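# Please find the sequence and the predicted model below.
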Number of protein chains: 2
Amino acid sequence: MGETGDVEDVSEILKAIAHPMRRELLVWLKDPDAHFEPGHAIEGLGVCAGQFERCGLSQSTVSSHLATLQRAGLVTATRRGQWIYYQRNEETIARFLKNLGHAL
Amino acid sequence: MGETGDVEDVSEILKAIAHPMRRELLVWLKDPDAHFEPGHAIEGLGVCAGQFERCGLSQSTVSSHLATLQRAGLVTATRRGQWIYYQRNEETIARFLKNLGHAL
DNA sequence: TCGAAATATCGAGTTTACTCGATTTATCGA
DNA sequence: TCGATAAATCGAGTAAACTCGATATTTCGA
């Protein structure tokens, strides 16, 4: 089972991106080759969870942040064997940026 | 002395708008006549602080939320006698919306 | 089937945000 | 100058977020 679903809630998204580290994880995923070890980013799949530990936080904390981003619909998670790959959900992000103006 | 200054910090703005009530206050200011007692919105000045207490929170809490919005640069405050009027800072809001994409 | 590796979840401690009532500060009008 | 009104600030209690280490779960390969 892969491809987790969106929540598509502006409030949830805003709370998710209010945390600087979560924003940074999101930015890293824009250009994985520039921010992760080479070979760990798979085209169309994303970056496996462990790679994000390069931010300096513990494994459990990173996992929690990734879960928050996923619940907000900003990333999708896909299991591939024993690894779980995270990638940006560009549709949700674009829609959020487009509609945010109406929420403020 | 009126016209308080911007902070223009994306992180500060995101934390400010992460709170649903603060977003609502901002939305109310889009169309004051539709959301406040008639006559309390002054063109070019905004709405005086006390009017926001209609959200149901205490005076001190409302004041705190307005201060947070102001620190983030999302609203400006102008004293007029014993009243302080708040209005949207459309420049900052527009610039934030335009640049947010680069932060995520 | 078993051990190892990757990730999620749990439980607890710390910090930050939220909220309130009470008080203080600022300004007005008499 | 004084009392009244508006708004900010203070202090404290509660709730939420953050972080960690430890443990549980899932999956792989031998």
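Everything's here; your move. Numbers count the residues shown, from 1 in each chain, chains lettered A, B, ... in the order given.

# Could you use CA atoms for every contact and neighbour count after this?
Fine.

# who touches the helix or strand of chain A with the lowest mean pLDDT?
Lowest mean confidence among the helices and strands of chain A (mean pLDDT, DSSP states H and E): strand A:41-42, at a mean of 92. With CA atoms under 8 Å, 6 or more residues apart in numbering or on different chains as the contact definition, strand A:41-42 has outside contacts at A:32-33, A:47-48.

# Okay, strands next: where are they in chain A?
Taking DSSP state E as the test, the strands found in chain A are A:41-42, A:46-48, A:75-80, A:83-88.

# Where among those strands is average confidence lowest?
When those are compared by mean pLDDT, strand A:41-42 comes last with a mean of 92.

# among the strands of chain A, which is nearest B:A18?
Taking CA to CA, strand A:75-80 is the member of these nearest to B:A18, at 18.9 Å.

# That closest one near DNA strand D at all?
Yes - interface with DNA strand D: strand A:75-80 contributes A:R80 (CA under 7 Å from any atom of the strand).

# For the contacts of strand A:41-42, work out which two are farthest apart.
Top of the distance list for the contacts of strand A:41-42 (CA to CA): A:D33 and A:C48, 12.8 Å.

# Looking at those two, which is more packed in?
A:C48 (20 against 15; other CA atoms under 10 Å in any protein chain shown).

# distance of the closest residue in space to that one that isn't next to it in sequence from A:A67?
With CA to CA, 6 or more residues apart in numbering or on different chains as the criterion, A:C48 has its nearest non-adjacent residue at 4.1 Å, and that residue is A:Y85. For A:Y85, the distance to A:A67 (CA to CA, to the nearest Å) stands at 12 Å.

# quick one, which of those two is more surrounded?
Just comparing A:Y85 and A:A67: by other CA under 10 Å the higher neighbour count belongs to A:Y85, 23 against 16.

# Isn't the more buried one up against A:G50?
No - under the criterion of CA atoms under 8 Å, A:Y85 makes no contact with A:G50, lying 9.3 Å away.
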